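Visitor: the amino acid sequence is not available; the structure is as follows:
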């Protein structure tokens, strides 16, 4: 079993920046593919960004491309989501997801992630 913990959410104004952190622990293998997803009230969970197991490849939703950046920490089990120029439509609960890598590609499909964090709220005021 892998435990996933997110942190860093909060209330910000439009145009501000915020960084979310995610740490995975509990498996003998510390190499994971990781992704960020979000869910706004009344909407389905959607893909935001993903990074492959070694940090060499990333993937982004069109809505956040050029504003958000996903990166791995020095510990391979840590990942960050750097969010710039935040917009009110970015308001959502942000979830970190983890899976053991099966390829070198980042994973955009939430159904392929078995481990999820509890989510962290990001609220962007206009």
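Guide: Arrived safely. Predicted model only: the values in this text are computed from it and were never measured. Numbering: from 1, shown residues only.
Visitor: helix or strand: which one has the residue positioned nearest the centre of the chain?
Guide: Centroid-nearest residue in the chain, with CA atoms, centre = their mean: residue 36, separated by 2.2 Å. Assigned by DSSP states H and E, residue 36 belongs to strand 33-39.
Visitor: residue boundaries of the helices in this structure?
Guide: Ranges of helices in the chain, per DSSP state H: none exist.
Visitor: point out where it drops to low pLDDT.
Guide: Scanning the chain for pLDDT under 70 picks out 27-30.
Visitor: follow-up on the earlier one: partners of the strand holding residue 36, with directions?
Guide: Sheet pairing here is set by DSSP bridges, and for strand 33-39 it gives strand 46-51 (antiparallel), strand 92-99 (antiparallel).
Visitor: what's in contact with the longest one?
Guide: Outside strand 92-99, the residues within contact range by CB atoms under 8 Å, 6 or more residues apart in numbering are 2, 4-6, 9, 20, 22, 24, 32-40, 43, 45, 48, 79, 81, 107, 110, 112-117, 119-122. The way it works is simple: take the backbone N, C-alpha and C, and place the C-beta from them, glycine included.
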